[in-house]
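**Q** Make a model of this:
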Amino acid sequence: MDALTGAAHPVGSASPRRHSPQFCKWGEPTLFLAHPLWLSAWDSPWSCSHPLHTGPLEATDTCMTCPDWAPPAGRPNG
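**A** Numbering: from 1, shown residues only. All right, here's what the predicted structure looks like:
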């Protein structure tokens, strides 16, 4: 943030995206999954669709160290 005007810095200086399901090509909102998987959306709002560990995420912190984390197609890992 600019100290004089309070304006934000340009997007290029934004902090990098953290490894989370919101920014992973395998992350999906559990609510949008097929029945009966969407029923667990209250307890696990995010799910992983990676073939090796598909299903609701009990904690999104697991994405921080996931070796299969990848940015969505067309978006750089910023």
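**Q** what's near enough to touch residue 60?
**A** By Cβ atoms under 8 Å, 6 or more residues apart in numbering, residue 60 lies in contact with 20-21, 46. In this view, the C-beta of every residue, glycine as well, is placed from N, C-alpha and C.
**Q** Compare those residues and tell me which is most surrounded.
**A** Counting neighbours by other Cβ atoms under 10 Å, residue 21 leads the contacts of residue 60 with 22 neighbours.
**Q** Might you report the residue contacts of it?
**A** Applying Cβ under 8 Å, 6+ apart to residue 21 gives the contacts 27-28, 46-48, 57, 60, 63.
**Q** By neighbour count, which of the residues you listed wins?
**A** residue 48 (24 neighbours).
**Q** Phi, psi for that residue please.
**A** Backbone geometry at residue 48, expressed as degrees, to the nearest 10, gives phi -110, psi 130.
**Q** Can you tell me the closest non-neighbouring residue to it?
**A** residue 26 (5.2 Å; Cβ to Cβ, 6 or more residues apart in numbering).
**Q** Tally up the residues packed near that neighbour, please.
**A** Neighbour count for residue 26, taken as other Cβ under 10 Å: 19.
**Q** what does residue 35 give?
**A** For residue 35, the neighbour count with other Cβ under 10 Å is 6.
**Q** No further queries at this time; thank you.
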